[in-house]
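In: When you get a sec, could you give me coordinates for this:
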Amino acid sequence: MKRKLIKRKTYIQALRPAIESAVISEIRTLIESARGRVASFINSELTLLYWKVGERISREILREKRAEYGKEIVVSLSRQLVEDYGNGFSVPNLSRMVRLAEYFPKEKILSTLSKELSWSHFVEILQVRDPLARDFYTEMCRLERWSVRTLRKKIDGMLFERTALSKKPEILIRTELDKLLKEDKLSPDIVFRDPYFLDFLGLKDSYQEKDLESAILRDMESFIMELGVGFTFVERQKRMIIDGKDFYLDLLFYHRDLKRLIAIELKLGEFKPAHKGQMELYLRWLDKYERKTNEAHPIGLILCAGKSEEQIELLELSKSGIRVAQYMTKLLPKKILEKKLHESIQRARLLVENKEKSTMPEDLPTPNKSISAVERSQLKKLKKSPKKLMLDE
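Out: Numbering: from 1, shown residues only. Below is the predicted model:
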């Protein structure tokens, strides 16, 4: 009996480190989880406080015909608040609070966002002046859970200006952003970009197509980050046997949110019309042999060093599910890039507007009689011959 007790004691002592480790791990998880909830609650309340402060200042001082001395009052308010509550209420921060209330006028929407985005996120977003771009970054940051650093990088990299969405008319952009807000639903125009920045590959001035592909495979994580959240790598040099001949697709991906395969072809030079036929063949094959029943039709992305907008317009690639984008292995200075992107956006929007005008029906001929005149004529005839209904005029 004594021997059994000794064995049991020895066994418990042997298990003790494992038990303690499991208990301490669980307690740490509980503490970290509670800290996270507390931090989230504090952040949400702090952001709401800042919104209310900004709304109050905007409503009482800046809007009510006091703008001429409003800035002086803000400085005075800041001086008193900093003395009582610290540097969080400095003049620059009070200005951000006012912009927060102006850019997000509905408290309910701000309250929902504050549960997912920190005040530091809002500080970055408030620097974006274009309302459509601002809403885009807000929703994408919320949906993809970007860190503040990632958000800053996306804004600096002009992500919105590089999306196909930015090249649409404003009313269509607003419709898609509203859908993103209400349904968390991404569209291809939000997912795909042009151009793509591949400077992280470190390629020199002269390289072959295989060098480009190999560099992407070596740094697949960075490449997927540039493609965007939701992309999953499937296969390189995807083999397709068509009429007994072998064809190879450079890169095959799957997008979880779009629920479809993404075929990517890499081209060293300018886009050529022949690339369309090649990609169409790959897409039809993938649609027939690889697409699952619950998936949408595959999309093709041709990445090339340059492209002619007129060729792409005439080929109507979107009808075939094909997108063409330029890639850059060396980044242009930001001002030059900004100018190129804005010119591209204006050109694309003008093109859409011209298409809409060209598809409008011709002016209809003016009738000889107005509807009211026809009605009066019919009534007169009915009075003369009440048994006969006249509808021939």
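In: got a list of what Y196 touches?
Out: Residues in contact with Y196 (CB atoms under 8 Å, 6 or more residues apart in numbering) are 162, 226-227, 303, 325-328. The way it works is simple: take the backbone N, C-alpha and C, and place the C-beta from them, glycine included.
In: Bridged to it, which residues?
Out: Beta-bridge pairing for Y196 (DSSP bridges): Y327.
In: now do I242
Out: With DSSP bridges as the criterion, I242 is bridged to K245.
In: That one reaches L286, doesn't it?
Out: No: applying CB atoms under 8 Å as the test, I242 and L286 come out as separate, 11.6 Å apart.
In: Show me which of the two is the more surrounded one.
Out: Between I242 and L286, L286 has the larger neighbour count (other CB atoms under 10 Å), namely 22 against 11.
In: Secondary structure element holding the more buried one?
Out: helix 274-289 (DSSP states H and E).
In: residue ranges of the helices in the stretch 51-200 of the chain, please?
Out: Per DSSP state H, counting those that start in this stretch, the stretch 51-200 of the chain carries helices over the ranges 67-85, 91-103, 107-114, 119-125, 131-144, 148-156, 159-162, 170-183, 188-191.
In: among these, which is nearest A274?
Out: helix 188-191 (23.6 Å; CB to CB).
In: Which other helices and strands does the closest one contact?
Out: helix 170-183 (3 or more CB pairs under 8 Å, 6 or more residues apart in numbering; DSSP states H and E).
In: Any buried residues in the helix it packs on, and which?
Out: 173, 176-177, 180-181 (16 or more other CB atoms under 10 Å).
In: could you dump stretch 31-44 to PDB, C-alpha only?
Out: The C-alpha coordinates for stretch 31-44 follow below in PDB (Å, rounded to 0.1, in the frame of the first residue of the first chain):
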ATOM      1  CA  ILE A  31      -5.900  37.800 -19.600                       C
ATOM      2  CA  GLU A  32      -4.900  38.700 -23.200                       C
ATOM      3  CA  SER A  33      -8.400  38.200 -24.400                       C
ATOM      4  CA  ALA A  34      -9.800  40.500 -21.600                       C
ATOM      5  CA  ARG A  35      -7.100  43.100 -22.400                       C
ATOM      6  CA  GLY A  36      -8.000  43.000 -26.000                       C
ATOM      7  CA  ARG A  37     -11.700  43.600 -25.300                       C
ATOM      8  CA  VAL A  38     -10.900  46.400 -22.900                       C
ATOM      9  CA  ALA A  39      -8.500  48.000 -25.400                       C
ATOM     10  CA  SER A  40     -11.200  47.700 -28.100                       C
ATOM     11  CA  PHE A  41     -13.800  49.200 -25.800                       C
ATOM     12  CA  ILE A  42     -11.500  52.100 -24.800                       C
ATOM     13  CA  ASN A  43     -10.600  52.800 -28.400                       C
ATOM     14  CA  SER A  44     -14.200  52.800 -29.500                       C
END
